[in-house]
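Chemist: Only the shape, not the letters, is given here:
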């Protein structure tokens, strides 16, 4: 996953960043709320981990600004302010989860993974998904590109839907296994690669322009 950690305590920031990087995530770490706001608006992240008490723009204001700008990236507050009122305030500001310090890294990692599997309500409500000239109608269960109908098997449809809902965001093999196959372990098969290849044969190859992109060492992304 691509994660943004906003934490002004160097020791805590280094601990979180090192642990998440060791798990294979791409992690950007910032200590400034204002810099984090600009970065989160400029590029997509799977999850943002943000401290509430930051020196320039506090975590609550940061998340409120993102929600006002219609940025749906899940946000997890990680803070020493852990009483019930603080948690309620954080969730009402647009946060998706709240973890009080001190914390166990394993719990932080699990909460991040759970948030990444969620879809923002606005995305869940969409019935037509698009990328370039590719269109998926979730009500009619149809897929077309450049006006031409594309017939997909159920698993291919589910895989394409997952990628389209996260257009522009890299999806790792593990994320796809969990979301599309409901597998929370690696089956040591090339099931993901096989289905991506089949999708490309139907969605990309006949149309001369690639929408499904392989991000080397990371996963897959759909552009458009």
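Modeler: Noted; the coordinates are in hand. This one's a predicted model, so the numbers in the text were calculated from it and none came from an experiment. Residues are numbered from 1 along each chain as shown.

Chemist: From here on, just use CA atoms for contacts and neighbour counts.
Modeler: Will do.

Chemist: Tell me where the protein has helices.
Modeler: Listed in chain order, the helices of the chain (DSSP state H) span 10-22, 33-42, 59-68, 84-92, 105-117, 121-125, 154-165, 173-180, 191-203.

Chemist: Show me what the first one is packed up against.
Modeler: For helix 10-22, the packing partners by 3 or more CA pairs under 8 Å, 6 or more residues apart in numbering; DSSP states H and E come out as strand 2-6, strand 26-30, helix 105-117.

Chemist: Not counting that helix itself, show me its contacts.
Modeler: 5-7, 26-27, 29, 105, 109 (CA atoms under 8 Å, 6 or more residues apart in numbering).

Chemist: Which positions in stretch 207-216 come out as buried?
Modeler: 211-212 (16 or more other CA atoms under 10 Å).

Chemist: average model confidence for it?
Modeler: Mean pLDDT, stretch 207-216: 92.

Chemist: For it, give me every contacting residue.
Modeler: 131-132, 170, 200, 204, 220-224.

Chemist: Which of those sits closest to residue 116?
Modeler: Ranked by distance to residue 116 (CA to CA), the contacts of stretch 207-216 are led by residue 170 at 11.6 Å.

Chemist: Now that we're looking at that closest one, what pLDDT does it have?
Modeler: Turning to residue 170, the model gives it a pLDDT of 87.

Chemist: residues near it, how many?
Modeler: The number of residues packed around residue 170, counting by other CA atoms under 10 Å, is 23.

Chemist: Tell me who's in contact with residue 41.
Modeler: 66, 71 are the contacts of residue 41 under CA under 8 Å, 6+ apart.

Chemist: one more time with 7 Å
Modeler: Residues near residue 41 by CA atoms under 7 Å, 6 or more residues apart in numbering: residue 71.

Chemist: Tell me how far it lies from residue 137.
Modeler: Distance, residue 41 to residue 137, using CA to CA, to the nearest Å: 28 Å.

Chemist: Check residue 173 too.
Modeler: Per CA to CA, residue 173 is found 25 Å from residue 137.

Chemist: Buried residues, stretch 68-78. List them.
Modeler: Neighbour counts over stretch 68-78 (16+ other CA under 10 Å) mark 71-78 as buried.

Chemist: Save the residues you listed as JSON lines, and put in distance to residue 147 too.
Modeler: What follows is the buried residues of stretch 68-78, written out as JSON lines (distance: CA to CA, whole Å):
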{"residue": "71", "distance to residue 147": "30"}
{"residue": "72", "distance to residue 147": "30"}
{"residue": "73", "distance to residue 147": "31"}
{"residue": "74", "distance to residue 147": "34"}
{"residue": "75", "distance to residue 147": "38"}
{"residue": "76", "distance to residue 147": "41"}
{"residue": "77", "distance to residue 147": "44"}
{"residue": "78", "distance to residue 147": "47"}
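
Chemist: Lovely, talk soon.
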